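Colleague: turn this into a structure:
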Amino acid sequence: MENLNKYVAVYKEQLEKGDILIAYNELVKFVMKLRTEFIKTLSDQYSFGGILHGYLDFTYFYYSNDFLKSKRLKFGLVLNHVEMRFEIWLLGNTIPTQKKYWELLKNTKWNKDKTKMPKYSILETTLVENPDFNNLDKLTEQIETKMIRASDEILDYLKTLD
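Modeller: As a prediction, this is how the structure comes out:
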C-alpha cells in the first residue's frame, strides 16, 4: 500500500467538508427505515436481522424464513455504496454451504455473467439500479415490490432443488 498517511489525510479532508458524512448517515438511516418498514409489512413471511455496516462499501440486513433456515441460507438486502444501488444477495451461513449452493446456482440467470462465486454471496441481483433518494416513499415501495418479487423467484427455484 502506498503511504497510509496520504490516504488518511484525504479521508480527513473529505470528512471535514461534511458531504460524505451527511450522505453516509442519511443512507444508513434510510436502510434502517427500510428494515423497520419491512418488519411491519413482511414479518409474516420473514424474520429480519440487525443492520450491518461494511467498510463504507455495503450497508445491509439479513432476512430469512423457515425454508431458508432449514437450508442454512439467508437473504441480504444490500445498499451497495460503490455502485449506489440496492441488491439482494443469497448467502450461506457457512463457506461450505455457500460453495454447495454456488455449484447448484452458478448456471442460473442470476449468475449468468459470473465465472466464479461472488466474494460474499452465492448470487446477487440488482433491485434498483439508480435510486432516487429525493423521493424516499416511492423508493421504499420500489425496493419492497422488487425485493418480494426477486425473493419469491429465488425461493421457488431453490425449492425445485430438493
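Colleague: hmm, T140 is touching T36, no?
Modeller: No: with contact defined as Cβ atoms under 8 Å, T140 does not count as touching T36 (10.4 Å). In this view, the C-beta of every residue, glycine as well, is placed from N, C-alpha and C.
Colleague: flag the shaky bits of the chain, pLDDT-wise.
Modeller: Across the chain, the ranges flagged by pLDDT under 70 are 1, 162.
Colleague: now with 90?
Modeller: Judged by pLDDT under 90, the chain has its weakly predicted residues at 1-3, 15, 53-56, 112-115, 162.
Colleague: can you give me the strands for it?
Modeller: Ranges of strands in the chain, per DSSP state E, are 47-53, 58-64, 73-80, 85-92, 123-128.
Colleague: I154 is in contact with L123, isn't it?
Modeller: Yes: counting by Cβ under 8 Å, I154 sits close enough to L123 to count as a contact (7.4 Å).
Colleague: anything in contact with each of the two?
Modeller: Where contact means Cβ atoms under 8 Å, 6 or more residues apart in numbering, the residues bridging I154 and L123 through contact with each are L90, W110.
Colleague: just to revisit the earlier point, could I get the strands of the chain as CSV with mean neighbour count?
Modeller: Compiled in CSV, the strands of the chain are given as follows (neighbours: other Cβ atoms under 10 Å):
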stretch, mean neighbour count
strand 47-53, 14
strand 58-64, 21
strand 73-80, 22
strand 85-92, 21
strand 123-128, 18
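Colleague: okay, those in CSV with distance to E13 next?
Modeller: As requested, those are exported to CSV (distance: least, Cβ to Cβ, whole Å):
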stretch, distance to E13
strand 47-53, 22
strand 58-64, 23
strand 73-80, 25
strand 85-92, 27
strand 123-128, 31
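Colleague: nearest to L158, of those?
Modeller: Go through the strands of the chain one by one with Cβ to Cβ and the one that ends up closest to L158 is strand 73-80, at 7.4 Å.
Colleague: ok, that closest one: who's next to it in the sheet?
Modeller: Sheet pairing here is set by DSSP bridges, and for strand 73-80 it gives strand 58-64 (antiparallel), strand 85-92 (antiparallel).
Colleague: hmm, who's touching it?
Modeller: Counting by Cβ under 8 Å, 6+ apart, residues outside strand 73-80 touching it are 27, 30-31, 34-35, 38, 46, 49, 57-64, 68, 85-93, 97, 101, 121-122, 124, 127, 143, 147, 151, 154, 158.
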